[in-house]
Structure formats: C-alpha cells, structure tokens
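Asker: no sequence on hand, only this structure:
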C-alpha cells in the first residue's frame, strides 16, 4: 500500500520555518532545497502557511537559504514579503522584500 502524506499547514511563516524547515535542515545538512534535489522543477507542495489572512503553498523546490532570509526578515518586520501577481496574472506569489525578482528560488504561491 502506498502511504498517504498529508501536507502540513502552519498558522504563520515563523511557525512554518521553525517546525518544518529547521528540523529538515538539521536532519539533512547537505540539502539545498526542501526536496533534497539539486535541480529540476518540483510542483509538489512541501507545506502551507498563512500570511495576510491568505493561505500560501511552499513548493518543494524552494531553496532553504531563501527561507532563512525570509525568516530573518520576519525578525525585522511584520511584513517581510511583497505580494505580486504571477506571470500569467492568474494568481499571486510572495517575494522577499529587498531580494531580486529574477531567479529568486523562492516558490511560494497563493492557494486558490
């Protein structure tokens, strides 16, 4: 039988980082991305968290160091993210304030 994996959901970004990302990184020091791969697209959802009363999904190909940058920004501000439309304008994504838009390796999207 195949195992059914439920995707975890967190009340905010800080909780998501502390309870999902930090333990993953501690257990797998060599991981660069949440899925443990070095390249390729992953449309798999790693986890959900709430921000600005909206539910956001974090794709498994998101880079762990980018999540750490966002976590550090949370310490400085209650609003570490900028909400932007996706390229096709059919949804929204989060970007880290002050970070480059292109090749950001931060794949967080609004759950529609």
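Answerer: That came through fine. All figures in this text were calculated on a predicted structure; none of them were measured in a lab.
Asker: only C-alpha atoms for contact and neighbour calcs from this point on.
Answerer: Fine.
Asker: what residue ranges in this protein score low on pLDDT?
Answerer: 1-3 (pLDDT under 70).
Asker: where along it do the helices fall?
Answerer: 13-16, 22-27, 64-76 (DSSP state H).
Asker: residue 104 is nearest to which of these?
Answerer: Closest approach to residue 104 among these (C-alpha to C-alpha): helix 64-76, 7.9 Å.
Asker: in this protein, which residue is most central in space?
Answerer: The centre of the chain sits closest to residue 58, judged by C-alpha atoms, centre = their mean, with a distance of 3.7 Å.
Asker: list the residues that contact that one.
Answerer: Residues near residue 58 by C-alpha atoms under 8 Å, 6 or more residues apart in numbering: 45-49, 107-109.
Asker: 10 Å instead, please
Answerer: 16, 34, 43-49, 67, 93-94, 106-111 (C-alpha atoms under 10 Å, 6 or more residues apart in numbering).
Asker: likewise for residue 112?
Answerer: 54-57, 90-92.
Asker: same check on residue 8?
Answerer: 16, 19-20, 45-49.
Asker: swap in residue 12?
Answerer: Here residue 12 is in contact with 48-53, 55-56 (C-alpha under 10 Å, 6+ apart).
Asker: which ones among those residues map onto strands?
Answerer: Using DSSP state E, 48-51, 55-56 are the members of the contacts of residue 12 that sit in strands.
Asker: please identify which pair of the residues you listed lies farthest apart.
Answerer: 48 and 51 (9.9 Å).
Asker: report the contact partners of residue 49.
Answerer: 8-17, 55-58, 108, 110-111.
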